[in-house]
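Q: Using only what follows, build the 3D model:
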Amino acid sequence: MVTECAGKRNLKAGDLTKAMIARYGDANCGKDDCRQAIRILIDSGRCIYSYLGGSYIQLPQSGEPQ
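A: You can find the predicted model right below:
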């Protein structure tokens, strides 16, 4: 979903969590699961936090580690 929104809109962690719960259902994907998944993406370098008047999850720019 981060890839789909890249360059179109900024995603907050809460927006991403709500979208994943809506897509996969609360029984299959809870808030804690989403938090863990976001943490894994950030720690691995596949996504980064950007601060543009708020905290957003984005893909790293080219030249940054992935």
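Q: which residue ranges form the helices in the protein?
A: Using DSSP state H, the helices assigned to the chain run over residues 2-5, 13-24, 31-44.
Q: buried residues in the shortest one?
A: Spelled out, it's helix 2-5. Under the neighbour-count criterion of 16 or more other CB atoms under 10 Å, helix 2-5 has Cys5 buried. Using the backbone N, CA and C atoms, a C-beta is placed for each residue, glycine as well.
Q: Quick check: which helices or strands does it pack against?
A: Counting contacts by 3 or more CB pairs under 8 Å, 6 or more residues apart in numbering; DSSP states H and E, helix 2-5 is packed against no other helix or strand.
Q: I'd say Cys34 and Arg23 touch.
A: No. Cys34 is beyond contact range of Arg23, at 10.9 Å (criterion: CB atoms under 8 Å).
Q: per-residue pLDDT, the one residue sitting closest to the centre of the chain?
A: Central residue of the chain (CA atoms, centre = their mean): Ile57, 4.8 Å from the mean position. Listed pLDDT for Ile57 reads 91.
Q: State whether it and Arg35 are indeed in contact, as I suppose.
A: No. Between Ile57 and Arg35 there is no contact under CB under 8 Å: 11.8 Å.
Q: Identify the contacts common to these two.
A: Residues within reach of Ile57 and of Arg35 at once, by CB atoms under 8 Å, 6 or more residues apart in numbering, are Ala13.
Q: Can you get me a residue count around Gln58?
A: Taking other CB atoms under 10 Å as the neighbour definition, Gln58 ends up with a count of 16.
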